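1. what follows is a predicted structure for the sequence shown.
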Amino acid sequence: MKLLVIGATGKIGSEIARQSAAYPDIDIIAGVRDLVKARTFLGDDYELRRLDFDDPSTFEYALDGVDMVFFVAVVAAEKVAVFLDAVAQSNVQRVTFSSGRTTGDVEGMSLFKIEQLIREGQTPYVIFRPGWFMQNFHTWIGATIKEEDAFYLPAGETKTAFIDVRDIATACLKSFLTKEYLGQTIGLTCGESITHTEVAAAISEAAGREVRYVALSSEEYTKTMMERGWTKNACDYTNMLYDYVRAGKEDHVDPALGEILGRRPYTIQDYARDYQAHWLK
Ligand SMILES: NC(=O)c1ccc[n+]([C@@H]2O[C@H](COP(=O)([O-])OP(=O)(O)OC[C@H]3O[C@@H](n4cnc5c(N)ncnc54)[C@H](OP(=O)(O)O)[C@@H]3O)[C@@H](O)[C@H]2O)c1
């Protein structure tokens, strides 16, 4: 089965590509914007095809002979609509979209609109709605951990049911092999909901030193991040997402992930231990 993975250089897509070696029936085609960059990033194991949501002329060849498509939302819904029309005219039998647990449900948000387009379209689909990624802690959130032994967020002390991106990729790969989840919108989280103080404790344990979570107000967060070079728009968007976190919208465990994986999902302790190199000085 030929699977076109769009966003194959991103967090979820690259994990799907990496793990696909264990799935001999799945033949990955990486749909990428920059073939040279993707070849360097992904190595020689995958067929690469140019696919840019901003350039509809790339759609026909990218979809040629493809059975299934995986994608994440990285452009406005209007551009995804053009892509989904091309999918409908191709021989693709399924689209799998990785949305977002909260924003997938917020009318007017891009993820909400894309989910609607998929449901209204002709192509069979599976929509996954993962919670907040654990992997954010060694990327943008955790940029200060090595230098300052702390990370800063406007997340309050409300709990969040995170998810390890490795588990999102495994759930996707397993779902491609069955028709069981077709037409479903499935929330994905790990097995517990925890505070950011508990995240800091897990990272501290793996790092072998104390790493603190510093709770900031939205205003303090904007000031801090703009001093670090973020734009006001990026701060506003992130604050909006953490408004949902503080309102408790992410404080809910979805049981589906363990059922799809056939094992317990990774915990924050697993994540912190497996990514230990990112915490060590
Ligand atoms: N972070 C979280 O905690 C979280 C939680 C739930 C849901 N989400 C959602 O997950 C999605 C992001 O997934 P991710 O983290 O796997 O992505 P990511 O790591 O941000 O990577 C984005 C990928 O999309 C590609 N891309 C960007 N613009 C493109 C275009 N015009 N045409 C084709 N490909 C393009 C990028 O390729 P290049 O290498 O060329 O840039 C990259 O491979 C977002 O919709 C986000 O809202 C995130």
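-> Thanks, I have the structure now.
2. can you give me the neighbour number for the closest residue to the ligand within the stretch 1-150 of the chain?
-> Nearest residue of the stretch 1-150 of the chain to the ligand (C-beta to the nearest ligand atom) works out as G10 at 2.2 Å. Glycine gets a C-beta too; all of them are placed from N, C-alpha and C. When neighbours are counted by other C-beta atoms under 10 Å, G10 registers 16.
3. that one touches A73, doesn't it?
-> No - look at G10 against A73 with C-beta atoms under 8 Å: they stay out of range, at 11.0 Å.
4. please name the nearest non-neighbouring residue to R50.
-> Of all residues not flanking R50 in the chain, T58 sits nearest, at 4.9 Å (C-beta to C-beta, 6 or more residues apart in numbering).
5. show me what from the stretch 51-200 of the chain comes close to the ligand.
-> Within reach of the ligand by C-beta under 6 Å from any ligand atom, the stretch 51-200 of the chain has these residues: 51-54, 72-75, 98, 100, 130, 132-133, 136.
6. okay, and which of those map to strands?
-> If you go by DSSP state E, these have V72, S98, P130 in strands.
7. quick revisit: surely the residue nearest to R50 is in a helix?
-> Yes - T58 sits within a helix when classified using DSSP: H, G, I helix; E, B strand; the rest coil.
8. residue contacts, it?
-> R49, R50, L51, D52 (C-beta atoms under 8 Å, 6 or more residues apart in numbering).
9. got the phi/psi numbers for the third one?
-> Listed backbone geometry of L51 is phi -140, psi 120, with angles given as degrees, to the nearest 10.
10. hmm, it is touching V32, no?
-> Yes - counting by C-beta under 8 Å, V32 is a contact partner of L51 at 6.5 Å.
11. out of these two, which sits in the more crowded spot?
-> Neighbour tally, L51 and V32, criterion other C-beta under 10 Å: the higher count belongs to V32, 27 against 24.
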